[in-house]
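**Q** take a look and give me a structure for this.
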Amino acid sequence: MAKKELFKPRSLGFLMGKLNAFPVDRQRFDLESIKKAIAVLERGTGLVMFPEGTRSKDGILQEGKIGVGMLARKVVVPIVPAYLANTKKAWFNLARGKRLIARMGPPMTANWIEERANNKEGYKEITEELMKRIALLGTQVESGG
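**A** Numbers count the residues shown, from 1 in each chain. Model prediction:
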């Protein structure tokens with residue numbers, strides 16, 4: 001899933017398509033994108049989502065949107081938390097030899113997710129747990145662990 005603005009420059013849109021990404025309109029409730037995400041998950045294919053909905057301008061982890069919890073609970077799929085470091089000015093950092101870091105945590109199991117309520121409160125609980133796990137990964141990366 002990627003914000004629709006990334007598909008506007010033709011060359012970047014081409015690349016996004018090759019990466020099997022599909023556009024999401026973040027300015028409104030985008031039911032079509034939700035249907036596409038559910039179809040991807042029902043096929044057993046991985047889906048990359050950024051639970052904050054955008055990159056943090058100051059590097060501080062923001063509150064997660066409940067859409068990630070809703071999708072995981074509706075389809076009952078595990079979630080693999082991930083933390084990305086050195087993404088600010090990524091091209092500049094790469095040119096300077098500073099590596100991008102991706103740290104994955106243990107999955108939130110489908111069984112655990114299925115035990116949560118299939119309503120807004122359950123989606124929120126899933127999302128909050130995911131954000132706690134991402135924050136823990138961030139602490140580990142930033143401390144060099």
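
**Q** ok, residues contacting stretch 34-51?
**A** 1, 22, 64-65, 67-68, 71, 74-75, 77, 127, 130-131, 134 (CB atoms under 8 Å, 6 or more residues apart in numbering). Any C-beta I mention is one placed from the backbone N, CA and C, and that applies to glycine too.

**Q** then stretch 135-142?
**A** Contacts with stretch 135-142, where a contact means CB under 8 Å, 6+ apart, come from 61, 81-83, 85, 101, 103-105.

**Q** same check, this time on stretch 114-122
**A** Residues contacting stretch 114-122 (CB under 8 Å, 6+ apart): 66, 69, 73-74, 76, 123, 125-126.

**Q** now those in CSV, with distance to residue 33, neighbour count and pLDDT?
**A** Conversion of these to CSV gives the following (distance: CB to CB, whole Å; neighbours: other CB atoms under 10 Å; pLDDT from 0 to 100):
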residue, distance to residue 33, neighbour count, pLDDT
66, 15, 19, 94
69, 16, 27, 97
73, 17, 23, 98
74, 14, 16, 97
76, 20, 13, 97
123, 16, 22, 98
125, 23, 18, 98
126, 19, 25, 98
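
**Q** from these, which two are the most distant?
**A** Farthest-apart pair in the contacts of stretch 114-122 is 66 and 76; separation 16.1 Å (CB to CB).

**Q** mind giving me the domain ranges of this structure?
**A** 1-48, 66-145 (automatic domain parsing).
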